[in-house]
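**Student:** What would the 3D arrangement of this be:
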Amino acid sequence: MASKVSVIMGSASDLSVVKACTDMLKEFGISFELKVLSAHRTPKELEKYTRSAEGRGIKLFIAAAGGSAALAGVIASFTTLPVIGIPIPTKALKGLDSLLSTVQMPKGVPVASMAIGEAGAGNAGILAAQILGLSDKKIKQKLTRHKKNMAAKVLKIKVRL
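**Tutor:** Here you go, the predicted model:
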């Protein structure tokens, strides 16, 4: 089965955060490629990989990067496919630098930016499922079940005052 999503990390050290995203993709039965490519350290390889993705059946990109976090924006400059950005937490600014770099895109080059860290990574996986669910009934059914399960967990909570 061809992968539908390309998940690209700027560094292998981003994997601990990105795992929340790949766990969601697995939950929804979405096949994906996982790569380490850097906008700054491997720009030629990143361009070649991005430009060839659609021919391999990729429908959207998820890009995770920290610090200057140009990865999602650079990918968006090479493709017309949707790009979701995950800002990775950093030691210096706790990921605020990553968030601002991911969200501040010039007009005409959109990136759907998630929250910093694991919550954003998980939501990136869900947003990817929502995009793919527009044309895939099985994924849409799994999303509907996921939302019902979340609601059921909240409704089970008993609060005592």
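
**Student:** switch to C-alpha atoms for all contacts and neighbour counts from now on
**Tutor:** OK.

**Student:** And the pLDDT at the residue nearest to the spatial centre of the chain?
**Tutor:** By Cα atoms, centre = their mean, the mean C-alpha position of the chain lies nearest to Ile62, the distance being 3.3 Å. In this model, Ile62 is scored at 98, pLDDT.

**Student:** Confirm that it lies within a strand, as I assumed.
**Tutor:** Yes. Counting by DSSP: H, G, I helix; E, B strand; the rest coil, Ile62 is part of a strand.

**Student:** list the buried ones in the helix or strand hosting Gln130?
**Tutor:** Taking DSSP states H and E as the criterion, Gln130 maps to helix 118-133. Buried residues in helix 118-133, counted by 16 or more other Cα atoms under 10 Å: 118, 120-129, 132-133.

**Student:** Pipe these into CSV and attach distance to Pro82 and pLDDT per row.
**Tutor:** What follows is the buried residues of helix 118-133, written out as CSV (distance: Cα to Cα, whole Å; pLDDT from 0 to 100):
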residue, distance to Pro82, pLDDT
Glu118, 20, 98
Gly120, 16, 98
Ala121, 16, 98
Gly122, 17, 98
Asn123, 15, 98
Ala124, 12, 98
Gly125, 13, 98
Ile126, 14, 98
Leu127, 11, 98
Ala128, 9, 98
Ala129, 12, 97
Leu132, 11, 97
Gly133, 14, 96
